[in-house]
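Student: give the three-dimensional model of this entry:
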Amino acid sequence: MDHAGRTASSRAQMLSAEEIVSLHRRVMPEFCERIILRYNILRHVSYAQPIGRRALAQSLGESERHVRREENILRTAGLVVVGSDGIRLSKDGEDILWDLGEYVGLLVGTGRLEGLLQQEFGLRQAIVIAGDSDEDEAVKREMARVGACVLRDAISDGDVVAVCGGTTMAELAAHTVPAPGKRNVVVVPARGSLGEDVEKQADTVAALLAKKLGGAYRILNLPDDLGCELAASVAEEPRIREVLDTIKQSRIVVHGVGTAVEMARRRNISPSEIDEIVGLGAVGEAFGFYFDRDGKVVYTTSSLGLRLTDLSAVNTVMCVGGGSSKGHALAAVLYNGFPHIVVTDEGAARAALVAVGDPE
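Tutor: As a prediction, this is how the structure comes out:
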């Protein structure tokens, strides 16, 4: 081999994964689009299997003919199996899906977004899932699955884990891999419960998560929108006081993120009060506190459970939530400085960075 050949060979060996992906994007952009589409197909099948081709095409926003072509390729590759009840992942498809997710992350630049989020908001760790959960339900499920993995790795024996309610938290509990045995872990609701959908309430999420982790749980069985006087009175009841004391011992807290208006409505706040909250500049909410674009608390609701002042003593506070519509809310909550870890999606990450003036 001549010198030029040896130099080219050495250069090829030194190319990083990011550089290889960059070459793919420049030379074969259609290749990247096809990879992302096939990843999305595998991801949707993983969470909805068995799923029919028509339902799969509708969830992806693609034509059934297009999906059929990609399905045939994936079936020939041994990654999916097609039966009378629909499409399922094969064992090889399950094995390759998570590695493929890492590669797709490189294609869409989630690693760069993670670095920007950590730098902008002073986070210990940021994890960004490819896609936008506002547009794709599978992205929310993937975000919840990854959040569950991060939580599982953070837990030690003897820990008290406080979890909030909401759609994403319910998904996180549902996607937590069951522990093989019992663990010395207690799961509690971080706050009282909101809304009429029992499956999404903090008490229910705490109970399910505890069962998945092999631990115990304590619940409040109280709404989050109690008035100040009633909340103070109820807090003196022995059983409630015991649960509240346990909540204050939390070493790990997991919460979602909501827009100010969305969360105010869930709390049944009157339209006039919602107008007041919006007028104060609130864009995001967590733990009953409403934040403006700079992360400043501009409005507070009374309830039982964790307060912002309690979070300074918590070892790990993890925020899990996404969707481009929540970008400003996510930025506001992260700017307040209490979350250490964020698990979000590409849509929310990009919107949050734009909200703080970072064009990426």
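Student: so where's the stretch 201-350 of the chain shaky on pLDDT?
Tutor: Within the stretch 201-350 of the chain, the segments meeting pLDDT under 70 span 223-232, 234-235.
Student: that one: helices as residue ranges?
Tutor: All helices of the stretch 201-350 of the chain, identified by DSSP state H, counting those that start in this stretch, fall at 202-213, 228-234, 238-248, 260-266, 271-279, 327-336, 346-355.
Student: the stretch 1-150 of the chain too?
Tutor: 3-14, 17-27, 29-48, 53-60, 64-76, 91-108, 110-121, 137-154.
Student: thinking again about what came up before, and the helices of the stretch 201-350 of the chain: which comes nearest Glu19?
Tutor: Proximity to Glu19, assessed across these by Cβ to Cβ, is greatest for helix 346-355 (21.2 Å). Placement of C-beta: from N, CA and C, glycine included.
Student: sorry, back to before: nearest to Asn315, out of the helices of the stretch 201-350 of the chain?
Tutor: The closest of those to Asn315 is helix 238-248. By Cβ to Cβ, the value is 13.6 Å.
Student: mind listing what's buried along that closest one?
Tutor: Residues of helix 238-248 classed as buried by neighbour count (16 or more other Cβ atoms under 10 Å): Ile240, Val243, Leu244, Thr246, Ile247, Lys248.
Student: now do stretch 256-274
Tutor: Neighbour-count burial for stretch 256-274 flags Gly256, Val257, Gly258, Thr259, Ala260, Val261, Met263, Ala264, Arg266, Arg267, Ile269, Ile274 (criterion: 16+ other Cβ under 10 Å).
Student: same list (those residues) but as TSV, adding distance to Ala138.
Tutor: TSV is the format used below for the buried residues of stretch 256-274 (distance: Cβ to Cβ, whole Å):
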residue	distance to Ala138
Gly256	18
Val257	20
Gly258	21
Thr259	22
Ala260	27
Val261	26
Met263	25
Ala264	29
Arg266	24
Arg267	29
Ile269	32
Ile274	32
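Student: for these, which one is nearest Val356?
Tutor: Nearest to Val356 among the buried residues of stretch 256-274, counting by Cβ to Cβ, is Val257 at 14.9 Å.
Student: was I right to think that closest one contacts Cys319?
Tutor: Yes. Contact criterion Cβ atoms under 8 Å: Val257 and Cys319 qualify, at 5.9 Å.
Student: shared neighbours of these two, anything?
Tutor: Residues touching both Val257 and Cys319 (Cβ atoms under 8 Å, 6 or more residues apart in numbering): Ala286, Leu330, Val333.
Student: wait, which of those residues is closest to Ala57?
Tutor: Nearest to Ala57 among the shared contacts of Val257 and Cys319: Leu330, at 30.8 Å, using Cβ to Cβ.
Student: can you count the residues close to the closest one?
Tutor: Residues within reach of Leu330, counting by other Cβ atoms under 10 Å, total 32.
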